[in-house]
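Peer 1: Need the 3D shape of this:
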Amino acid sequence: MDYFGSDNLGELKQIYRLIDRQDELNQLLDANTDGSGQRPISVRLGSELSEQSLRNLSLITARYSVNDHGQGMIAILGPKSMPYSKMIGLLEAFRTELASRLTNYYDHH
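Peer 2: Okay, the predicted model is just below:
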């Protein structure tokens with residue numbers, strides 16, 4: 001059975017509620033900083049997440065920059081048993097391609 005089977009339906013509802021609470025979601029995502037600034041890719045396990053409903057999950061975030069046009073972040077929220085090396089590789093490739101395409105778009109418009 002997948003992670004969000006009937007036993008975990010309550011947790012799934014909590015995650016949807018978190019997504020609706022913009023301030024708490026921003027706080028969760030902005031927590032990926034350290035003393036040297038923002039890390040491009042960050043992995044946090046459930047116990048490292050402030051939100052109680054995420055204790056059984058992991059959050060992988062990837063920051064990207066679009067030159068002078070701003071910054072963004074993409075994230076994967078999944079079970080602690082996810083294939084981390086594959087997910088980190090996927091996020092790295094996606095953030096690089098996204099930044100490149102957005103930079104290209106803004107430079108030509």
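
Peer 1: Show me what the helix or strand encompassing L12 packs onto, helices and strands only.
Peer 2: Using DSSP states H and E, L12 sits in helix 9-20. Using 3 or more Cβ pairs under 8 Å, 6 or more residues apart in numbering; DSSP states H and E as the contact definition, the elements that helix 9-20 packs against are helix 22-30. Every residue, glycine included, has its C-beta placed from N, CA and C.

Peer 1: Tabulate the CA atom coordinates of the helix it packs on in PDB.
Peer 2: Extracted as PDB, the C-alpha positions of helix 22-30 are listed here (Å, rounded to 0.1, in the frame of the first residue of the first chain):
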ATOM      1  CA  GLN A  22       0.600  30.400   3.200                       C
ATOM      2  CA  ASP A  23       2.500  31.900   6.200                       C
ATOM      3  CA  GLU A  24       3.200  28.500   7.800                       C
ATOM      4  CA  LEU A  25       4.200  27.000   4.400                       C
ATOM      5  CA  ASN A  26       6.600  29.900   3.700                       C
ATOM      6  CA  GLN A  27       8.100  29.500   7.200                       C
ATOM      7  CA  LEU A  28       8.600  25.800   6.600                       C
ATOM      8  CA  LEU A  29      10.300  26.400   3.200                       C
ATOM      9  CA  ASP A  30      12.400  29.400   4.400                       C
END
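
Peer 1: Which of the residues in the helix holding L12 are classified as buried?
Peer 2: For helix 9-20, burial by neighbour count (16 or more other Cβ atoms under 10 Å) applies to E11, L18.

Peer 1: Just want the angle from it to helix 22-30.
Peer 2: Computed with axes from the mean of the first three to the mean of the last three Cα atoms, to 10 degrees, the direction of helix 9-20 lies at 100 degrees from that of helix 22-30.

Peer 1: Tabulate the CA atom coordinates of helix 9-20 in PDB.
Peer 2: In PDB, the C-alpha atoms belonging to helix 9-20 read as follows (Å, rounded to 0.1, in the frame of the first residue of the first chain):
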ATOM      1  CA  LEU A   9      -5.600   9.900   5.400                       C
ATOM      2  CA  GLY A  10      -5.600  12.200   8.500                       C
ATOM      3  CA  GLU A  11      -2.000  13.100   7.800                       C
ATOM      4  CA  LEU A  12      -2.800  13.800   4.100                       C
ATOM      5  CA  LYS A  13      -5.600  16.200   5.200                       C
ATOM      6  CA  GLN A  14      -3.100  18.000   7.500                       C
ATOM      7  CA  ILE A  15      -0.700  18.500   4.600                       C
ATOM      8  CA  TYR A  16      -3.500  20.000   2.500                       C
ATOM      9  CA  ARG A  17      -4.300  22.300   5.400                       C
ATOM     10  CA  LEU A  18      -0.700  23.400   5.600                       C
ATOM     11  CA  ILE A  19      -0.600  24.200   1.900                       C
ATOM     12  CA  ASP A  20      -3.600  26.500   2.400                       C
END
